[in-house]
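What shape does this take:
(2 chains)
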Number of protein chains: 2
Amino acid sequence: MPQSVTDMALEARQAALLLACAGETARNNALLAIAQGIDDHLDSILEANRQDVQQATEEGLSAPLLSRLKLTREKCARMSQGLVALRWLPDPLGKVDYAKELSPGLNLFRVSCPIGVIGVIFESRPDALVQIASLCLKTGNAVLLKGGREAARTNEALMEVILQATNACGLPQGCCGLLHSRQDVAEMLRLHDLIDLIIPRGSNAFVRYIMQNSEIPVLGHAEGLCHLYVDDPCDLDMAVRLTVDSKTQNLSVCNATETLLVHQGVAGAFLPRAAQALREKGVQLRADEAARAVIDCEPATEEDWRTEYLDAILSVRVVDDLQAAIDHINRYGSHHTDSIVTSSDAHARAFFERVDSADVFHNCSTRFSDGFLFGFGAEVGIATGKLHARGPMGMEGLCTYKYRLYGSGQTLSDLNAGSFSLTHQDLEPKLPN
Amino acid sequence: MPQSVTDMALEARQAALLLACAGETARNNALLAIAQGIDDHLDSILEANRQDVQQATEEGLSAPLLSRLKLTREKCARMSQGLVALRWLPDPLGKVDYAKELSPGLNLFRVSCPIGVIGVIFESRPDALVQIASLCLKTGNAVLLKGGREAARTNEALMEVILQATNACGLPQGCCGLLHSRQDVAEMLRLHDLIDLIIPRGSNAFVRYIMQNSEIPVLGHAEGLCHLYVDDPCDLDMAVRLTVDSKTQNLSVCNATETLLVHQGVAGAFLPRAAQALREKGVQLRADEAARAVIDCEPATEEDWRTEYLDAILSVRVVDDLQAAIDHINRYGSHHTDSIVTSSDAHARAFFERVDSADVFHNCSTRFSDGFLFGFGAEVGIATGKLHARGPMGMEGLCTYKYRLYGSGQTLSDLNAGSFSLTHQDLEPKLPN
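Residues are numbered from 1 along each chain as shown, chains lettered A, B, ... in the order given. Have a look, this model is predicted:
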């Protein structure tokens, strides 16, 4: 009889309390043990994956999804390398980022600590399971994972490796768990007393469903509706290169550009060149009337400004000026990633200040919006909300903090009576022994 | 015809975009202008408040609530002083807390910025309106406020002063707005596309209603079920003083202690003294059997461990050891504030690490859990969730950040082709011009 999701969450809650004080060495050792376990069980993992791929092929899964599902020796080697790299990153726990003497002998420290129990729902790629679980272990969080149905055998095999490794390293029972069905997910979403955070990865509709059907806080992005704005003045060669890269380097990712905005002053010179370069990459354009006066393509509708294509389609709009571009982005965008191509520093500054998005870029491709590229080691996703973590979410986003106040008998009555007074002096950010 | 809440929120959304780049001087000037306005309109504010107090008296509002509702010249002077103090606090916006060269000429900066539009629902105290509105303006956020019905005239008079001041200082129209009814609140809770954050202050049931009835993120606390744990070994004199202060310094506040936990090793020596000191303050005790073997009082039920009395009642439980105290707190507490009285540094350390609460204290009263005392200048509330702000929530909790990436034409295709490589060097945390 398998455990119910509620039982798993109860166990994860207990595990989280223990994991929070398990110590850096035990958590790091577990990461290395998982890497070793993947090596030791490589044949059985690849065999489980072969069966998943065979079934998915028979069921007609699309070629791009099959390619994400399929594990290879090389992908497994990269998983192992990722685990070793994570092991060497500094411990995210126990860091002091606020230290204040409230009064002599009454010292306050804000100290980073794990969030607790995290539920992650992810897509078909089975290597995501290892990446997410290892980020959670590094940050001292217990985690319940639900992967894609088509990767079920692979995920079981990988979770078996993780459980053996965490057990062997003395991490608490139940610190990682695998859910199996949509009903499991529905049950998890109700457990707001046991689960602290849900991170959903997947389609727009799926993420919205999660957000609307749980009292548990949700971090992630429903949509990546990113813009590239080509300003006047700008380097037109650079603008063409950035347009092609932002749209076509990978069509199906959240930080690919979906709408190209062009200042009227450069539309005549820029758009024909951009259109030709994009068409060579097989991109279909949908443009407003002003753009269609310069290039030949389908007309764009209001709906296009709101559409994340994740495909070889780009909507194009000519704008009167910088402010019109900013207004378009704030109105239609998803607050994910937006980039300006301009040779005016003043325009770049205004764009940085006024565009209300997690990632705002100048003279580079929207494709740079990524936790690994940003230097975080790895990411669990990109958050488009404004609370807690915003943008690429790495280890820091999986931590919270608590305030520790070290006293020596102080009461508020004594403070109010003037027996002692507040000093509010900064302290060295280092915990007492 | 008054504006609908949706119209107010649309206007606030536009105002927030402007306010985010309004500049420190304009925001600080507005704070001083509000202080001046309170001075200039003192008589009409006090007259409005007199009418509110008169009506509330006729309607039978309780004495403690009447005292919170009533404004005096002294309370208004304190409001003004608070505004001036806030003006002199450092600007919370534009601070860089992560700066990394991704590659030469591709530099990443994480920069603090306002959250956007914040909805605050607060209790009868009208001075809270000025405090909350000023914290929002200092942090560049637009704010919609809903105060207690009984303070309606006072709140109107104060909001009039705020609107005159923000207009005079060139802050955008609609950056502060006042809601008037429960229907207004219900409408606001539906506007998840326009409002970024709700901060509810009030009763447990009210806050839970808000959390369950909105897709907008909510920060705050539904409950303050705080514990004081008297450990073995400890200074018994200190333990008695901290018990009395934690419970009785103010009975009706969220950081007052509701449950006293006592190590069995000191129960015989400590409890009779604590019981006598508490009874002198009029506190009624409800205790488990082990405690009742030492002191004479009513028995506690399971329900008592889950009850935030906000009254002159204290539940008391004897525990076997430190871990049993920690388990009780993590099981029954509200993750707000919990304090240990111990002379063992090892026990204090274990308590700090294992108690899963926002504020964890050693040898001091639970009453120190407060943003002003913590050195934040002021607070909008105390958050018991784990995401974004945890514990007393000051200016930092009203800010988010964005990532600014300054490039010089980089594409991801070029990176992948090896035309340039990642360096991930730390930079000075200072924005380019």
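
Now the closest residue to chain B within the stretch 101-250 of chain A. Nearest residue, chain neighbours left out?
Closest to chain B within the stretch 101-250 of chain A is A:Asp245: 3.5 Å, counting by CB to the nearest CB. For the C-beta atoms, the positions are set from N, CA and C on the backbone; glycine is no exception. Residue nearest to A:Asp245 in three dimensions, not counting chain neighbours: B:Thr411, with 3.5 Å by CB to CB, 6 or more residues apart in numbering or on different chains.

does that neighbour really touch A:Leu242, like I thought?
Yes: proximity of B:Thr411 to A:Leu242 meets the contact threshold set by CB atoms under 8 Å, at 6.4 Å.

any shared contact partners between these two?
A:364-365 (CB atoms under 8 Å, 6 or more residues apart in numbering or on different chains).

quick one, which of those two is more surrounded?
A:Leu242 (29 against 23; other CB atoms under 10 Å in any protein chain shown).

To which secondary structure element is that one assigned?
Using DSSP states H and E, A:Leu242 sits in helix A:236-248.

Tell me which other helices or strands that helix touches.
Of the remaining helices and strands, those touching helix A:236-248 by 3 or more CB pairs under 8 Å, 6 or more residues apart in numbering or on different chains; DSSP states H and E are strand A:226-230, strand A:257-263, helix A:264-280, strand A:337-341, strand A:359-364, strand B:399-410, helix B:412-416.

quick one, that helix and strand A:359-364 angle?
140 degrees (axes from the mean of the first three to the mean of the last three CA atoms, to 10 degrees).

Tell me how many other residues surround A:Arg390.
25.

got it, and A:Ala256?
Neighbours around A:Ala256, by other CB under 10 Å: 25.

now A:Ala346
9.

Dihedrals phi and psi, it?
phi -60, psi -40 (degrees, to the nearest 10).

how close does it get to A:Glu353?
11 Å (CB to CB, to the nearest Å).

again with A:Cys297
A:Cys297 is 33 Å from A:Glu353, by CB to CB.

for A:Met159, same thing?
Per CB to CB, A:Met159 is found 46 Å from A:Glu353.

Please apply the same query to A:Asp97.
A:Asp97 is 26 Å from A:Glu353, by CB to CB.

These two - which one has more neighbours?
For A:Asp97 versus A:Glu353, neighbours defined as other CB under 10 Å are more numerous around A:Glu353 (19 against 11).

so what's A:Gly394 up against?
With the criterion set at CB under 8 Å, 6+ apart, A:Gly394 makes contact with A:135, A:371, A:374, A:376-380.

Can you give me the pLDDT of it?
Model confidence at A:Gly394, given as pLDDT, is 92.

Tell me where the model's unsure across chain A.
A:1 (pLDDT under 70).

Indicate the residue of the stretch 251-400 of chain A located nearest to chain B.
A:Cys364 (2.8 Å).

Does that residue touch B:Arg404 like I think?
No: checked against CB under 8 Å, the pair A:Cys364 and B:Arg404 is beyond contact range at 11.1 Å.

quick revisit: just give me the neighbour total for the residue of the stretch 251-400 of chain A closest to chain B.
By other CB under 10 Å, the burial measure for A:Cys364, its neighbour count, is 27.

Quick one: residues contacting it.
Per CB under 8 Å, 6+ apart, neighbours of A:Cys364: A:242, A:339, B:106, B:405, B:407-411.

can you redo these as CSV with distance to B:Tyr209?
Output for the contacts of A:Cys364, formatted as CSV (distance: CB to CB, whole Å):
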residue, distance to B:Tyr209
A:Leu242, 48
A:Ser339, 42
B:Leu106, 48
B:Leu405, 42
B:Gly407, 47
B:Ser408, 52
B:Gly409, 53
B:Gln410, 49
B:Thr411, 50
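
Just the buried ones among those, please.
A:242, A:339, B:106, B:405, B:407, B:409-411 (16 or more other CB atoms under 10 Å in any protein chain shown).

of these, closest to A:Cys175?
Of all these, A:Cys175 sits closest to B:Leu405, with 35.4 Å by CB to CB.

which residues touch the nearest residue to the closest one once chain neighbours are set aside?
In space, and not counting its chain neighbours, B:Leu405 is closest to A:Phe361: 4.4 Å by CB to CB, 6+ apart. When contacts are counted by CB under 8 Å, 6+ apart, A:Phe361 touches A:337-340, A:368-369, B:404-405, B:407.

Okay, and the beta partners of A:Phe361?
A:Ser339, B:Leu405 (DSSP bridges).

and A:Lys100, which of the three is it?
strand (DSSP: H, G, I helix; E, B strand; the rest coil).
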